[in-house]
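> Predicted coordinates and the sequence they were generated for:
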Amino acid sequence: QVQLVESGGGLVQFGGSLRLSCASSGRTFSRYAMGWFRQAPGKEREFVAAISGSAHTTYYADSVKGRFTISRDNAKNTVYLQMNSLKPEDTAVYYCAARWSTIIPSDYDYWGQGTQVTVSS
């Protein structure tokens, strides 16, 4: 069983930056592909970014490409989401997710509890 705990959310002004972290309890963290998702009020959860276990492959939603960067530190069992040039439409609860996979999957098995990101205009 993998437990994921997100942190780093908060209130930021338009154009600001935040870095989210997601710590995993898994012993073989490098074997898990990791993803970030978000859900805004009244909307469905949407994909944000993903990274393979080796960190060799990353993938982004078009809406965040060029502004967000996903990375991971396998020695610390942690995945990060650096968010720059934030916009009010980035306001959402952000979730990290994990799946035992050598490639970036379309579905994930484990989810964190989420962290709120609010961007004021």
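Happy to help now that I have it. Residues are numbered from 1 along each chain as shown.

> Low-confidence stretches in this structure?
For the chain, no stretch has pLDDT under 70.

> most centrally placed residue in it?
By C-alpha atoms, centre = their mean, the mean C-alpha position of the chain lies nearest to Trp36, the distance being 2.7 Å.

> That one contacts Val48, correct?
Yes. The pair Trp36 / Val48 is scored as a contact, 4.3 Å apart, by C-beta atoms under 8 Å. Backbone N, C-alpha and C define where each C-beta goes, glycine included.

> what comes into contact with stretch 66-78?
21-26, 29-30, 34, 36, 48-51, 53, 55, 58, 60, 79-86 (C-beta atoms under 8 Å, 6 or more residues apart in numbering).

> Stretch 41-60: how far from the chain's middle?
6 Å (C-alpha atoms, centre = their mean, to the nearest Å).

> what about that stretch, start to end distance?
21 Å (C-alpha to C-alpha, to the nearest Å).

> Show me which residues of that stretch are buried.
The neighbour-count check on stretch 41-60 (16 or more other C-beta atoms under 10 Å) flags 47-53, 60 as buried.

> Pull the residues that contact stretch 2-11.
Here stretch 2-11 has contacts from 18-26, 32, 94-98, 109-120, using C-beta under 8 Å, 6+ apart.

> Give me the common contacts of Trp36 and Val48.
81, 94.
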